[in-house]
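*Asks:* What follows is a predicted structure for the sequence shown.
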Amino acid sequence: MYVNLNYKDPAWAEATLKLVQDIAVDCEEELSHCESEGRFPAETYKEMGRRGLLGVITPEEWGGYGGDAPEYCFTTEAMTRYNLVSSQVQIQGMRWMLQWATPEQKEKYLRGMVNGTIVFSESISEPGAGSSLKKLNTTARRSGGDWLINGEKIHINLGAESHVTLVYAMAEEGLTSFLVDTDLPGVSRKHSAPLGYRFLPTADMSFNDVRVPNSALLGAPGQGMETFLSTFNVSRLGNASELIGHATRGLALATDYAKGRNVGNNKVTDFQGIQWTLADCYSSLYGASLARDHAANLVKAGQEHAFATSLAKKMAVEAAEKTANECFALTGGYGLYRDKPWGQLLLEIKTLRIAGGSVEILRNYVAQQILKDEHLKGMK
(Lines give C-alpha, C1' and ligand atoms only; values in the text may rest on other atoms or scores of the structure.)
Protein backbone atom coordinates (compact mmCIF):
# COMPACT_ATOMS: atom_id res chain seq x y z
CA MET A 1 0.00 0.00 0.00
CA TYR A 2 1.54 3.27 -1.10
CA VAL A 3 -0.55 6.09 0.33
CA ASN A 4 1.58 9.22 0.44
CA LEU A 5 5.17 8.64 -0.70
CA ASN A 6 6.83 11.67 -2.29
CA TYR A 7 8.72 10.21 -5.23
CA LYS A 8 11.40 11.90 -7.28
CA ASP A 9 9.22 11.12 -10.34
CA PRO A 10 5.64 9.83 -9.85
CA ALA A 11 5.77 8.02 -13.21
CA TRP A 12 8.69 5.96 -11.92
CA ALA A 13 6.52 4.09 -9.43
CA GLU A 14 4.16 2.61 -11.99
CA ALA A 15 7.00 1.50 -14.26
CA THR A 16 8.94 0.03 -11.35
CA LEU A 17 5.96 -1.93 -10.06
CA LYS A 18 5.56 -3.47 -13.53
CA LEU A 19 9.29 -4.29 -13.50
CA VAL A 20 8.98 -6.09 -10.14
CA GLN A 21 6.01 -8.09 -11.39
CA ASP A 22 7.81 -9.03 -14.61
CA ILE A 23 10.96 -10.22 -12.81
CA ALA A 24 8.86 -12.25 -10.36
CA VAL A 25 7.23 -14.05 -13.31
CA ASP A 26 10.47 -14.47 -15.27
CA CYS A 27 12.33 -15.90 -12.28
CA GLU A 28 9.45 -17.86 -10.74
CA GLU A 29 11.17 -21.25 -11.00
CA GLU A 30 14.30 -20.23 -9.12
CA LEU A 31 12.30 -18.27 -6.56
CA SER A 32 10.07 -21.26 -5.84
CA HIS A 33 13.00 -23.63 -5.34
CA CYS A 34 14.91 -21.16 -3.18
CA GLU A 35 11.93 -20.41 -0.97
CA SER A 36 11.35 -24.10 -0.26
CA GLU A 37 15.07 -24.74 0.35
CA GLY A 38 15.92 -21.50 2.17
CA ARG A 39 18.46 -20.39 -0.43
CA PHE A 40 19.48 -16.99 -1.76
CA PRO A 41 18.14 -16.69 -5.36
CA ALA A 42 21.43 -15.52 -6.82
CA GLU A 43 20.40 -15.46 -10.47
CA THR A 44 17.20 -13.59 -9.71
CA TYR A 45 19.21 -11.10 -7.68
CA LYS A 46 21.62 -10.52 -10.57
CA GLU A 47 18.66 -10.02 -12.89
CA MET A 48 17.27 -7.42 -10.49
CA GLY A 49 20.61 -5.65 -10.69
CA ARG A 50 20.76 -5.85 -14.47
CA ARG A 51 17.30 -4.29 -14.74
CA GLY A 52 18.13 -1.42 -12.38
CA LEU A 53 16.03 -2.50 -9.40
CA LEU A 54 18.73 -2.54 -6.71
CA GLY A 55 20.27 0.94 -6.82
CA VAL A 56 17.20 3.09 -6.28
CA ILE A 57 18.86 5.29 -3.61
CA THR A 58 22.30 5.39 -5.25
CA PRO A 59 23.24 8.42 -7.40
CA GLU A 60 23.40 8.02 -11.15
CA GLU A 61 27.18 8.49 -11.14
CA TRP A 62 27.40 5.07 -9.47
CA GLY A 63 24.86 3.45 -11.76
CA GLY A 64 21.79 4.01 -9.60
CA TYR A 65 18.52 5.87 -9.91
CA GLY A 66 19.22 8.67 -7.44
CA GLY A 67 16.09 8.33 -5.34
CA ASP A 68 15.65 8.49 -1.58
CA ALA A 69 13.65 6.89 1.23
CA PRO A 70 10.31 6.92 -0.68
CA GLU A 71 11.80 4.91 -3.55
CA TYR A 72 13.48 2.60 -1.04
CA CYS A 73 10.16 1.92 0.67
CA PHE A 74 8.31 1.45 -2.60
CA THR A 75 10.68 -1.13 -4.06
CA THR A 76 11.17 -3.02 -0.78
CA GLU A 77 7.42 -3.38 -0.27
CA ALA A 78 6.88 -4.36 -3.91
CA MET A 79 9.55 -7.06 -3.71
CA THR A 80 7.90 -8.82 -0.78
CA ARG A 81 4.40 -8.20 -2.17
CA TYR A 82 5.31 -10.13 -5.34
CA ASN A 83 7.63 -12.64 -3.62
CA LEU A 84 10.97 -11.40 -4.92
CA VAL A 85 14.11 -11.40 -2.82
CA SER A 86 14.21 -8.18 -0.80
CA SER A 87 17.05 -5.70 -1.38
CA GLN A 88 16.80 -4.51 2.24
CA VAL A 89 20.28 -5.65 3.32
CA GLN A 90 21.89 -4.27 0.17
CA ILE A 91 20.16 -0.90 0.54
CA GLN A 92 21.52 -0.66 4.08
CA GLY A 93 24.98 -1.32 2.69
CA MET A 94 24.57 1.33 0.01
CA ARG A 95 23.46 3.89 2.61
CA TRP A 96 26.57 3.16 4.67
CA MET A 97 28.73 3.50 1.57
CA LEU A 98 27.13 6.74 0.44
CA GLN A 99 27.36 8.36 3.86
CA TRP A 100 30.70 7.10 5.13
CA ALA A 101 32.82 5.39 2.47
CA THR A 102 35.93 6.93 0.98
CA PRO A 103 36.05 7.48 -2.79
CA GLU A 104 38.26 4.39 -3.06
CA GLN A 105 35.78 2.25 -1.10
CA LYS A 106 32.89 3.47 -3.24
CA GLU A 107 34.82 2.65 -6.39
CA LYS A 108 35.62 -0.82 -5.09
CA TYR A 109 32.12 -1.82 -3.96
CA LEU A 110 29.30 0.51 -4.90
CA ARG A 111 28.83 -0.17 -8.63
CA GLY A 112 28.89 -3.91 -8.04
CA MET A 113 26.30 -3.61 -5.28
CA VAL A 114 24.06 -1.63 -7.64
CA ASN A 115 24.34 -4.08 -10.53
CA GLY A 116 24.02 -7.17 -8.34
CA THR A 117 27.51 -8.62 -8.79
CA ILE A 118 28.64 -7.75 -5.24
CA VAL A 119 26.57 -9.02 -2.31
CA PHE A 120 26.83 -7.15 1.00
CA SER A 121 26.21 -8.30 4.56
CA GLU A 122 26.45 -6.70 7.98
CA SER A 123 28.16 -8.51 10.87
CA ILE A 124 26.76 -7.02 14.04
CA SER A 125 24.95 -9.47 16.37
CA GLU A 126 26.91 -11.84 18.59
CA PRO A 127 26.00 -14.80 20.81
CA GLY A 128 25.91 -12.49 23.85
CA ALA A 129 24.95 -9.20 22.24
CA GLY A 130 22.11 -8.16 19.98
CA SER A 131 20.62 -4.72 20.40
CA SER A 132 23.24 -3.67 22.98
CA LEU A 133 26.27 -2.76 20.88
CA LYS A 134 28.23 -1.82 23.99
CA LYS A 135 28.44 -5.51 24.86
CA LEU A 136 30.09 -6.62 21.63
CA ASN A 137 33.08 -8.90 22.23
CA THR A 138 34.57 -8.80 18.73
CA THR A 139 37.84 -6.89 18.90
CA ALA A 140 39.99 -4.92 16.48
CA ARG A 141 43.57 -4.11 17.42
CA ARG A 142 46.29 -2.38 15.47
CA SER A 143 49.08 -4.46 14.00
CA GLY A 144 51.59 -2.28 12.20
CA GLY A 145 49.60 -0.29 9.66
CA ASP A 146 46.82 -2.89 9.65
CA TRP A 147 44.11 -4.15 11.99
CA LEU A 148 43.52 -7.67 13.33
CA ILE A 149 39.87 -8.60 13.87
CA ASN A 150 38.80 -11.43 16.17
CA GLY A 151 35.30 -12.48 17.15
CA GLU A 152 32.11 -14.45 16.48
CA LYS A 153 29.01 -13.09 14.77
CA ILE A 154 25.53 -14.64 14.39
CA HIS A 155 22.25 -13.92 12.57
CA ILE A 156 24.11 -12.54 9.54
CA ASN A 157 21.74 -12.35 6.58
CA LEU A 158 23.67 -13.38 3.45
CA GLY A 159 26.77 -13.92 5.57
CA ALA A 160 27.69 -17.04 3.59
CA GLU A 161 26.87 -15.46 0.22
CA SER A 162 28.35 -12.00 0.66
CA HIS A 163 31.52 -10.69 -0.93
CA VAL A 164 31.99 -7.96 1.68
CA THR A 165 30.67 -7.65 5.22
CA LEU A 166 30.55 -4.66 7.54
CA VAL A 167 32.02 -5.81 10.85
CA TYR A 168 31.40 -3.93 14.08
CA ALA A 169 34.20 -4.46 16.60
CA MET A 170 35.60 -2.89 19.75
CA ALA A 171 38.86 -1.01 19.21
CA GLU A 172 40.87 0.94 21.78
CA GLU A 173 38.94 4.05 20.71
CA GLY A 174 35.54 2.31 21.07
CA LEU A 175 33.03 0.80 18.67
CA THR A 176 34.47 0.80 15.14
CA SER A 177 33.23 -0.47 11.77
CA PHE A 178 35.27 -2.17 9.04
CA LEU A 179 34.55 -3.27 5.48
CA VAL A 180 35.94 -6.82 5.37
CA ASP A 181 36.25 -8.86 2.18
CA THR A 182 34.87 -12.28 3.02
CA ASP A 183 37.54 -14.18 1.05
CA LEU A 184 40.30 -13.01 3.42
CA PRO A 185 42.22 -15.60 5.47
CA GLY A 186 40.63 -16.13 8.87
CA VAL A 187 37.03 -15.54 7.78
CA SER A 188 34.81 -18.62 8.12
CA ARG A 189 31.06 -18.92 7.55
CA LYS A 190 28.39 -21.51 8.31
CA HIS A 191 24.70 -21.36 7.39
CA SER A 192 22.11 -21.34 10.16
CA ALA A 193 18.43 -22.18 9.68
CA PRO A 194 15.95 -19.43 10.65
CA LEU A 195 12.19 -19.83 10.30
CA GLY A 196 11.75 -16.82 8.03
CA TYR A 197 13.66 -14.51 5.67
CA ARG A 198 14.04 -17.58 3.43
CA PHE A 199 15.56 -15.66 0.51
CA LEU A 200 18.13 -13.99 2.80
CA PRO A 201 19.56 -16.99 4.70
CA THR A 202 21.55 -16.34 7.85
CA ALA A 203 25.02 -17.53 8.79
CA ASP A 204 27.32 -17.62 11.76
CA MET A 205 30.64 -15.95 10.97
CA SER A 206 34.03 -16.26 12.66
CA PHE A 207 36.92 -13.80 12.37
CA ASN A 208 40.24 -15.27 13.49
CA ASP A 209 43.14 -12.83 13.24
CA VAL A 210 41.62 -11.38 10.07
CA ARG A 211 44.08 -8.78 8.85
CA VAL A 212 42.60 -5.73 7.14
CA PRO A 213 44.33 -2.52 6.08
CA ASN A 214 43.58 0.84 7.61
CA SER A 215 41.70 1.65 4.40
CA ALA A 216 39.04 -0.88 5.45
CA LEU A 217 37.77 1.49 8.16
CA LEU A 218 34.29 2.83 7.56
CA GLY A 219 34.44 6.16 9.32
CA ALA A 220 37.02 6.83 12.00
CA PRO A 221 38.06 4.57 14.90
CA GLY A 222 35.51 4.91 17.70
CA GLN A 223 32.84 6.26 15.36
CA GLY A 224 30.94 2.97 15.10
CA MET A 225 27.81 4.03 16.99
CA GLU A 226 27.45 7.04 14.71
CA THR A 227 27.81 4.97 11.55
CA PHE A 228 25.38 2.37 12.91
CA LEU A 229 22.58 4.79 13.83
CA SER A 230 22.90 6.77 10.60
CA THR A 231 21.65 3.76 8.65
CA PHE A 232 19.58 1.78 11.16
CA ASN A 233 17.28 4.69 11.97
CA VAL A 234 16.33 4.62 8.28
CA SER A 235 16.54 0.87 7.70
CA ARG A 236 13.51 0.37 9.95
CA LEU A 237 11.54 1.75 7.01
CA GLY A 238 12.78 -1.16 4.91
CA ASN A 239 11.66 -3.62 7.59
CA ALA A 240 8.28 -1.88 7.80
CA SER A 241 7.94 -2.04 4.02
CA GLU A 242 8.81 -5.75 3.96
CA LEU A 243 6.17 -6.39 6.61
CA ILE A 244 3.51 -4.42 4.74
CA GLY A 245 4.41 -6.20 1.50
CA HIS A 246 4.24 -9.69 3.03
CA ALA A 247 0.95 -8.96 4.77
CA THR A 248 -0.62 -7.34 1.70
CA ARG A 249 0.33 -10.37 -0.37
CA GLY A 250 -1.22 -12.71 2.18
CA LEU A 251 -4.40 -10.66 2.44
CA ALA A 252 -4.82 -10.35 -1.33
CA LEU A 253 -4.34 -14.08 -1.89
CA ALA A 254 -6.66 -14.99 0.99
CA THR A 255 -9.36 -12.57 -0.19
CA ASP A 256 -9.22 -13.91 -3.74
CA TYR A 257 -9.66 -17.42 -2.39
CA ALA A 258 -12.50 -16.45 -0.04
CA LYS A 259 -14.39 -14.63 -2.82
CA GLY A 260 -14.55 -17.87 -4.80
CA ARG A 261 -15.14 -20.33 -1.94
CA ASN A 262 -18.70 -21.62 -1.59
CA VAL A 263 -20.28 -22.26 1.81
CA GLY A 264 -23.76 -23.60 1.13
CA ASN A 265 -25.47 -21.02 -1.06
CA ASN A 266 -23.02 -18.27 -0.08
CA LYS A 267 -19.45 -17.26 -0.67
CA VAL A 268 -17.14 -16.96 2.33
CA THR A 269 -17.04 -13.21 1.81
CA ASP A 270 -20.83 -12.93 2.05
CA PHE A 271 -20.65 -13.32 5.82
CA GLN A 272 -20.50 -10.14 7.87
CA GLY A 273 -17.87 -11.50 10.26
CA ILE A 274 -15.53 -12.21 7.35
CA GLN A 275 -16.17 -8.75 5.92
CA TRP A 276 -15.26 -7.22 9.26
CA THR A 277 -12.05 -9.26 9.31
CA LEU A 278 -11.15 -7.96 5.86
CA ALA A 279 -11.98 -4.37 6.84
CA ASP A 280 -9.95 -4.54 10.06
CA CYS A 281 -6.87 -6.01 8.36
CA TYR A 282 -7.02 -3.49 5.54
CA SER A 283 -7.40 -0.62 8.02
CA SER A 284 -4.38 -1.78 10.03
CA LEU A 285 -2.20 -2.03 6.94
CA TYR A 286 -3.41 1.33 5.67
CA GLY A 287 -2.53 2.99 8.99
CA ALA A 288 0.92 1.37 9.04
CA SER A 289 1.50 2.52 5.46
CA LEU A 290 0.59 6.10 6.37
CA ALA A 291 3.07 6.03 9.27
CA ARG A 292 5.76 4.52 7.04
CA ASP A 293 5.16 7.05 4.25
CA HIS A 294 5.27 9.97 6.67
CA ALA A 295 8.59 8.77 8.07
CA ALA A 296 10.04 8.22 4.58
CA ASN A 297 9.09 11.73 3.54
CA LEU A 298 10.78 13.12 6.68
CA VAL A 299 13.99 11.29 5.75
CA LYS A 300 13.85 12.69 2.22
CA ALA A 301 13.30 16.21 3.57
CA GLY A 302 16.33 15.89 5.87
CA GLN A 303 14.22 16.26 9.01
CA GLU A 304 14.52 14.41 12.33
CA HIS A 305 13.08 10.94 11.73
CA ALA A 306 14.23 8.44 14.39
CA PHE A 307 10.93 8.57 16.29
CA ALA A 308 8.85 8.33 13.12
CA THR A 309 10.80 5.39 11.66
CA SER A 310 10.62 3.50 14.96
CA LEU A 311 6.89 4.09 15.20
CA ALA A 312 6.47 3.02 11.58
CA LYS A 313 8.14 -0.35 12.13
CA LYS A 314 6.21 -0.94 15.37
CA MET A 315 2.90 -0.28 13.62
CA ALA A 316 3.89 -2.40 10.61
CA VAL A 317 4.68 -5.40 12.84
CA GLU A 318 1.33 -5.11 14.60
CA ALA A 319 -0.60 -4.74 11.34
CA ALA A 320 1.26 -7.56 9.61
CA GLU A 321 0.89 -10.01 12.51
CA LYS A 322 -2.81 -9.27 12.77
CA THR A 323 -3.28 -9.71 9.02
CA ALA A 324 -1.26 -12.92 8.79
CA ASN A 325 -3.24 -14.45 11.65
CA GLU A 326 -6.58 -13.42 10.19
CA CYS A 327 -5.74 -14.84 6.75
CA PHE A 328 -6.50 -18.25 8.24
CA ALA A 329 -10.05 -17.09 8.98
CA LEU A 330 -10.43 -16.26 5.28
CA THR A 331 -8.90 -19.50 3.99
CA GLY A 332 -9.93 -22.04 6.64
CA GLY A 333 -8.46 -25.51 6.22
CA TYR A 334 -7.21 -24.63 2.74
CA GLY A 335 -4.54 -22.37 4.23
CA LEU A 336 -3.12 -24.94 6.63
CA TYR A 337 -0.76 -26.73 4.25
CA ARG A 338 2.92 -26.28 3.48
CA ASP A 339 2.28 -25.92 -0.24
CA LYS A 340 0.15 -22.82 0.49
CA PRO A 341 1.79 -19.46 1.22
CA TRP A 342 0.19 -18.35 4.48
CA GLY A 343 2.18 -20.45 6.93
CA GLN A 344 5.48 -19.24 5.51
CA LEU A 345 4.24 -15.66 5.38
CA LEU A 346 3.47 -15.90 9.08
CA LEU A 347 7.05 -17.07 9.73
CA GLU A 348 8.49 -14.27 7.58
CA ILE A 349 6.54 -11.74 9.61
CA LYS A 350 7.57 -13.31 12.94
CA THR A 351 11.20 -13.08 11.86
CA LEU A 352 10.78 -9.40 10.99
CA ARG A 353 9.24 -8.77 14.41
CA ILE A 354 12.77 -9.28 15.73
CA ALA A 355 15.07 -8.34 12.83
CA GLY A 356 16.29 -4.76 12.68
CA GLY A 357 15.13 -3.90 16.19
CA SER A 358 12.54 -5.95 18.08
CA VAL A 359 9.09 -4.59 18.85
CA GLU A 360 10.03 -4.49 22.53
CA ILE A 361 13.06 -2.27 21.82
CA LEU A 362 10.92 -0.02 19.63
CA ARG A 363 8.19 0.25 22.27
CA ASN A 364 10.77 1.26 24.85
CA TYR A 365 12.17 3.92 22.53
CA VAL A 366 8.75 5.32 21.56
CA ALA A 367 7.66 5.51 25.21
CA GLN A 368 10.92 7.19 26.25
CA GLN A 369 10.50 9.85 23.58
CA ILE A 370 6.91 10.53 24.68
CA LEU A 371 7.97 10.88 28.31
CA LYS A 372 10.86 13.21 27.42
CA ASP A 373 8.58 15.57 25.51
CA GLU A 374 7.04 18.43 27.48
CA HIS A 375 3.81 18.11 25.52
CA LEU A 376 3.83 14.30 25.47
CA LYS A 377 4.26 14.31 21.67
CA GLY A 378 1.11 16.36 21.07
CA MET A 379 -1.17 14.80 23.67
CA LYS A 380 -1.44 18.05 25.67
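*Replies:* Yep, that arrived. Numbering: from 1, shown residues only.

*Asks:* From G144, how far out is I156?
*Replies:* The gap separating I156 from G144 is 28 Å, by Cβ to Cβ, to the nearest Å. The way it works is simple: take the backbone N, C-alpha and C, and place the C-beta from them, glycine included.

*Asks:* Comparing those two, which residue is more hemmed in?
*Replies:* I156 (25 against 9; other Cβ atoms under 10 Å).

*Asks:* partners of the more buried one in the sheet?
*Replies:* Applying DSSP bridges to I156 yields these beta-bridge partners: A203.

*Asks:* what bits of this protein have low per-residue confidence?
*Replies:* 130-131 (pLDDT under 70).

*Asks:* element containing T165?
*Replies:* Using DSSP states H and E, T165 maps to strand 164-171.

*Asks:* so what secondary structure elements neighbour that strand?
*Replies:* Here strand 164-171 touches helix 88-100, strand 120-123, strand 139-143, strand 146-157, strand 174-181, helix 224-260, going by 3 or more Cβ pairs under 8 Å, 6 or more residues apart in numbering; DSSP states H and E.

*Asks:* neighbouring contacts of that strand?
*Replies:* The contact list for strand 164-171 (Cβ atoms under 8 Å, 6 or more residues apart in numbering) reads 93, 96, 109, 118-124, 133, 136-141, 147, 149, 151, 153, 156, 159, 175-182, 205, 207, 218, 221-222, 224, 228.

*Asks:* Narrow those to those that are buried.
*Replies:* Among the contacts of strand 164-171, those that count as buried by neighbour count (16 or more other Cβ atoms under 10 Å) are 93, 96, 109, 118-124, 133, 136, 138-140, 147, 149, 151, 153, 156, 159, 175-180, 182, 205, 207, 218, 221, 224, 228.

*Asks:* So the residue nearest in space to the middle of the chain versus Q105, what's the distance?
*Replies:* Taking Cα atoms, centre = their mean, the centroid of the chain lies closest to Q88, which sits 3.6 Å from it. According to Cβ to Cβ, Q88 stands 21 Å off from Q105.

*Asks:* do K267 as well
*Replies:* Going from K267 to Q105 by Cβ to Cβ gives 57 Å.

*Asks:* Please identify which of those two sits among more neighbours.
*Replies:* A direct count of neighbours by other Cβ under 10 Å for K267 and Q105 places Q105 higher, at 18 against 14.

*Asks:* I'd assumed L218 was in contact with the more buried one.
*Replies:* Yes: assessed by Cβ atoms under 8 Å, Q105 is found in contact with L218 at 7.4 Å.

*Asks:* Look up the residues that both of these two are in contact with.
*Replies:* Joint contacts of Q105 and L218 (Cβ under 8 Å, 6+ apart) are L179.

*Asks:* Can you get me a residue count around the closest residue to the residue nearest to the centre of the chain other than its chain neighbours?
*Replies:* In this structure, Q88 finds its nearest non-sequential neighbour in G238, 4.2 Å apart by Cβ to Cβ, 6 or more residues apart in numbering. G238 has 28 neighbours, counted by other Cβ under 10 Å.

*Asks:* G238 contacts M94, correct?
*Replies:* No: checked against Cβ under 8 Å, the pair G238 and M94 is beyond contact range at 11.3 Å.

*Asks:* check contacts around D146.
*Replies:* D146 is in contact with R211, V212, P213, N214, counting by Cβ under 8 Å, 6+ apart.

*Asks:* My understanding was that the second one contacts I149; is that so?
*Replies:* Yes: counting by Cβ under 8 Å, V212 touches I149, with 6.5 Å between them.

*Asks:* Overlap of the contact sets of the two?
*Replies:* Common contact partners of V212 and I149 (Cβ under 8 Å, 6+ apart): F178, V180.

*Asks:* what separates the residue lying farthest from the centre of the chain from Q275, distance-wise?
*Replies:* Most distant residue from the mean C-alpha position of the chain: N265, 44.0 Å away (Cα atoms, centre = their mean). Note on N265: its distance to Q275, by Cβ to Cβ, is 17 Å.

*Asks:* Over to A140?
*Replies:* 58 Å.

*Asks:* what's the answer for T182, then?
*Replies:* Relative to Q275, and taking Cβ to Cβ, T182 is found at 51 Å.

*Asks:* Could you find the closest non-adjacent residue to T16?
*Replies:* Of all residues not flanking T16 in the chain, T75 sits nearest, at 6.3 Å (Cβ to Cβ, 6+ apart).
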